[in-house]
Structures are given as structure tokens and as C-alpha cells.
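Novice: structure for the following, please:
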Amino acid sequence: MKSTTLEQTREIVEQIVTSAGLELVDALLLGGGVHRVFRLFIDSPTGVTHDDCEKISRLVSEMLDEKDLIAGGAYTLEVSSPGVDRPLVKPADYQRFLGSKVKIELKEPIEKSRRFTGRLAAFDGERIKLEIDADKTMDVPLGAINKANLKYEW
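Specialist: Numbering: from 1, shown residues only. Sure thing, here's the model as predicted:
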């Protein structure tokens, strides 16, 4: 699927998910040929139920079939919650989860490391402040982050 088509599909899916009172965390098209998977992660402040996933799966499946947005035939649609290690994808995610423990992976190493874990102490819309421990913080531009996830505290 062309990236513009994936982006268009993501926008349409986001409208469906939002109209159901939920949030689209991420939409991924993985694999190739008959082994393709269109994976959706949905969330809400109160959590996601099996019924939520079923409803979104039905609505999105109908729309994908009607508009034939995923060219090339067969694919599997998966809808689930993002889990306890929820990815931080949008800038709003960093604001929402201020104070939470996160694990980030950088595109380029800082101090010979690309992976850091700490508390999300601040976010100004462009940079995060990660509190590694009581004596160490680091400022990281969003553009330097390759991947970020919540780190569940057991």
C-alpha cells in the first residue's frame, strides 16, 4: 500500500474510532502478499473492552471492504488495546502521560546509548524531559525519538 493510501486509510479509520468515543493509538500495515495484517490499536481513558474491539473491527472492516482501500486482496484486520506498554505515538500522548515511567529508543545514541528508561517529567510540545534518576535528567527532542512506550510499574 502506498504511504498516501495508508495515511488516507488511517484518517478514515481515526474518524470511525473517534465517533465511537475511542482513540486511535496507531494503525500499521504489516507483511506482504496474503500474509498482510492491518493492525489497529485503540484506547480510551477508561480502557478498552472486548466489545469495543469487536465494534471497531466490524465498522472498519465494512468501510475497508466498501471503499476497497487496501489494494491487493487478502489481509487480516486486528483490533486491540495497546496494552500496558502502550506506545507514545503523537505529541498529545507525551502530554497525557506526564509523570509516567517510559522507555525510549533514540535514532542516534547519546552518551553511547540509544535506550533510556525514566519518568516523563515535562513536555513542551517539541521536547521531553526524561528523569533518569533523582540526579539525572535529559532533554530529548521528539524528532530524536525512534520509539517510546509506557513502562508498566509492577
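
Novice: tell me the mean pLDDT for the strand or helix carrying residue 63?
Specialist: Using DSSP states H and E, residue 63 sits in helix 50-67. What helix 50-67 shows for mean pLDDT is 92.

Novice: same deal with stretch 112-125?
Specialist: Stretch 112-125 comes out at a mean pLDDT of 96.

Novice: so who does the residue lying farthest from the centre of the chain touch?
Specialist: Distance to the chain centre peaks in the chain at residue 135, reaching 30.3 Å (criterion: Cα atoms, centre = their mean). For residue 135, no contacting residues are found, by Cβ atoms under 8 Å, 6 or more residues apart in numbering. For glycine as for every other residue, the C-beta is placed from the backbone atoms N, C-alpha and C.

Novice: so residue 118 is in contact with residue 130, correct?
Specialist: Yes - Residue 118 lies in contact with residue 130 (Cβ atoms under 8 Å); the separation is 4.4 Å.

Novice: on that earlier part again, past the helix holding residue 63, which element shows up next along the chain?
Specialist: Next along from helix 50-67, by DSSP H and E: strand 76-80.

Novice: list the buried residues of that following strand.
Specialist: 77, 79, 80 (16 or more other Cβ atoms under 10 Å).

Novice: distance to residue 101 and pLDDT added to those, as JSON lines?
Specialist: Converted to JSON lines, the buried residues of strand 76-80 look like this (distance: Cβ to Cβ, whole Å; pLDDT from 0 to 100):
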{"residue": "77", "distance to residue 101": "32", "pLDDT": "92"}
{"residue": "79", "distance to residue 101": "27", "pLDDT": "97"}
{"residue": "80", "distance to residue 101": "22", "pLDDT": "95"}
